[in-house]
Structures are given as structure tokens and as C-alpha cells.
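> pasting the sequence and the predicted model now:
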Amino acid sequence: MIEVLRAGPLTTVQDLGRPGYAHLGVPRAGALDGPALRLANRLVGNSPDAAGLEVTAGGCSLRLSTAGTVALTGACAPLSVAGRPAGFGLPVPVPAGAVVTVGRAVHGVRSYLAIGGGVEVAPVLGSRSTDTLSGLGPRPLRDGDSLPLGRSAEPSSVDFVPWRPPPAALALRIALGPRADWFTDEAVAALLGTAYTVSPVSNRVGARLSGAALPRAVAGELPSEGIVLGAVQVPASGQPLIFLADHPTTGGYPVIGVVDDVTPLAQAVPGTTVTFHGPQR
């Protein structure tokens, strides 16, 4: 078992999500930085889709009831075991009863803590992921929670994992549509030709951007229609919003385009510059 001593501002259980249920109104959820979770699982000997902890910005503290192995990846943060500094991006042995502490993220937003055996909370629709929008899966961790662990395997023998801090500027590839024709030519030119910044009010549902407003050519109301991962929706404010893993499956504001890979946004701190590139209309 894992005892949660300090949950931090937002620590959730995440695996690779529950894709394939959008027709039932269920978002995919899952780790925002999938490659980071896969790496952490590999370091401790878990399967790639084992559930770990997504630790957002402010860290957390846990106690393992039995000896095991942990690994921290994703956003770079200090890691300690039983009060002693431990390596980032490495398999770290943990004695029985020792406290594992993840500190505040130094670079990036979301760190991933894998524990040998994986977090084995009850799956919902084939996934153990917390969905912060729909409430499916386990709720975000609270102080005093206990989490079950699976049977651990042999950890990796790797002694070096390359890592570099997330960039201060992201260039995202976007395909225009399905509702690009609801916007003026000037709006499309602004989307593809100016820089935006990531807003502090971003979360697992979506990355809100601040920058040039995108004026509409069609002023009417749009019936709700399907939303996919990476959809760039433009609400009444004219400021674009990029939907992430916990996105709703339908929405009524027009979608001007779809980003093909939102993974870099998982580690984009507020103020990160975002530009879009893609074919002109």
C-alpha cells in the first residue's frame, strides 16, 4: 500500500487513458505526458500502461508500506527517499516504511511517479485514470488516502536517462477545420501568424491561450458537435482553447482547427509561447 501524507495541489492516478468511448460521452483522460509515464514505468519494471501518479507543480509525499522501487520523470523536480536526495529519471530503491517526497517542479508542470507494481485502484472502463471533468476513476488524491500496489517486477538496470527542460516556445502543427469557415480571413491569418501564450488558468481539460482575438465571420449559434483531442475551440472571448486529455466529447463553440500532437502542452508553464503552423485555407 501507499499512504498519502501530502497530496499537493493536484496529484492524480493516471495510466494511458480510456480511448474509444467518446460515443458514450466519456473522455479519454490518461497521462497528459504519455511518454514520461511510459519511461517511469519502464524504469521500475512495470508494463507501459501501468498506473502511476501525475504530480502537478507542487509535489507530494507518500509512504510505502513495503520495500519497492520508484522512478520520477516528466517535469524535473527534487526527489527524496527517507529524507535523502534521490536521482531523477532513475530507478530508486525504497525501504519499507520510507517516505518518498516529490518537491516543487523546477522545469515543467507535471511529474510522473511510477512505483514498482503500479497503482492498482479499481479500473473504470478499462482504465485507472482520474478524469477531472467527468469524475470517472479515482478522485484526486487527498492527505491520508491509501492506494493499493500490484506485484512488483525487476526494475531496469539503466544508469542514465537523457532529459532536457521543456522549451519556452512551442510550435504546434494544426489542421484547419471543421469550422474554419466560421472565422474571417483575418482570424485565420492571426492564428497562423501571431504568437500566443499559455494562460495560468489552463488545466487537464484544456490549455487556454492569450493573444490575438479571432473574429468570427458567422455570428449565429452552433449546435453541439463532437470534440476531439487537440481541438482548438474559440469561445465568445475570441481567445483559443486547446482541448487536452480530459476534454468534453461535445461542444457548442466553433472549432477552428485541430492540433496533431498536444503532448508538449503537458509541460508548458504559464507564459510559454505557442505558435501554430499549417496549411492556409
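Cool, the structure landed.

> tell me the contacts of the nearest residue to Val92 once chain neighbours are set aside?
Leaving out its chain neighbours, the residue that sits closest to Val92 by Cβ to Cβ, 6 or more residues apart in numbering is Ala86, at 4.5 Å. Every residue, glycine included, has its C-beta placed from N, CA and C. The contact partners of Ala86, taken as Cβ atoms under 8 Å, 6 or more residues apart in numbering, are Leu79, Ser80, Val92.

> the second one in helix, strand or coil?
Translated: Ser80. Assigned with DSSP: H, G, I helix; E, B strand; the rest coil, Ser80 falls in the strand class.

> list the contacts for it?
Ala86, Val100, Thr101, Gly103.

> so what's the last one up against?
Residues counted as contacts of Gly103 (Cβ under 8 Å, 6+ apart) are Gly59, Ala77, Pro78, Leu79, Ser80.

> which single one of those residues is nearest to Val121?
Closest approach to Val121 among the contacts of Gly103 (Cβ to Cβ): Gly59, at 20.9 Å.

> thinking again about what came up before, what's across from the residue nearest to Val92 in the sheet?
Note on Ala86: beta-bridge partners by DSSP bridges are Leu79.

> swap in Cys60?
Assigned bridge partners for Cys60, using DSSP bridges, are Val102.

> from what I see, it and Leu141 are in contact.
Yes - using Cβ atoms under 8 Å, Cys60 is in contact with Leu141, at 7.2 Å.

> shared neighbours, those two?
Residues touching both Cys60 and Leu141 (Cβ under 8 Å, 6+ apart): Val4, Ala7, Gly8, Thr11, Leu53.

> how close does the last one get to Val70?
Read it as Leu53. Leu53 is 10 Å from Val70, where distance means Cβ to Cβ, to the nearest Å.

> shared neighbours of those two, anything?
Leu113, Ala114, Ile115.

> give me the distance between the nearest residue to the last one once chain neighbours are set aside and Gly117.
Counting by Cβ to Cβ, 6+ apart, the nearest residue to Ile115 once its immediate chain neighbours are dropped is Val70, at 5.3 Å. Using Cβ to Cβ, one obtains 11 Å as the distance from Val70 to Gly117.

> what about Glu3, how many neighbours?
16 (other Cβ atoms under 10 Å).

> would you confirm that it contacts Leu149?
No - applying Cβ under 8 Å as the test, Glu3 and Leu149 come out as separate, 11.3 Å apart.

> number of nearby residues for the nearest residue to Tyr196 once chain neighbours are set aside?
Excluding its sequence neighbours, the residue lying closest to Tyr196 (Cβ to Cβ, 6+ apart) is Gly211, at 3.6 Å. Per other Cβ under 10 Å, the neighbour tally for Gly211 reads 18.

> same check, this time on Thr56
For Thr56, the tally of surrounding residues (other Cβ under 10 Å) stands at 20.

> contacts only, for the nearest residue to Ala217 once chain neighbours are set aside.
Counting by Cβ to Cβ, 6+ apart, Thr184 is the residue found nearest to Ala217 once chain neighbours are left out, at 4.7 Å. By Cβ under 8 Å, 6+ apart, Thr184 lies in contact with Pro215, Arg216, Ala217.
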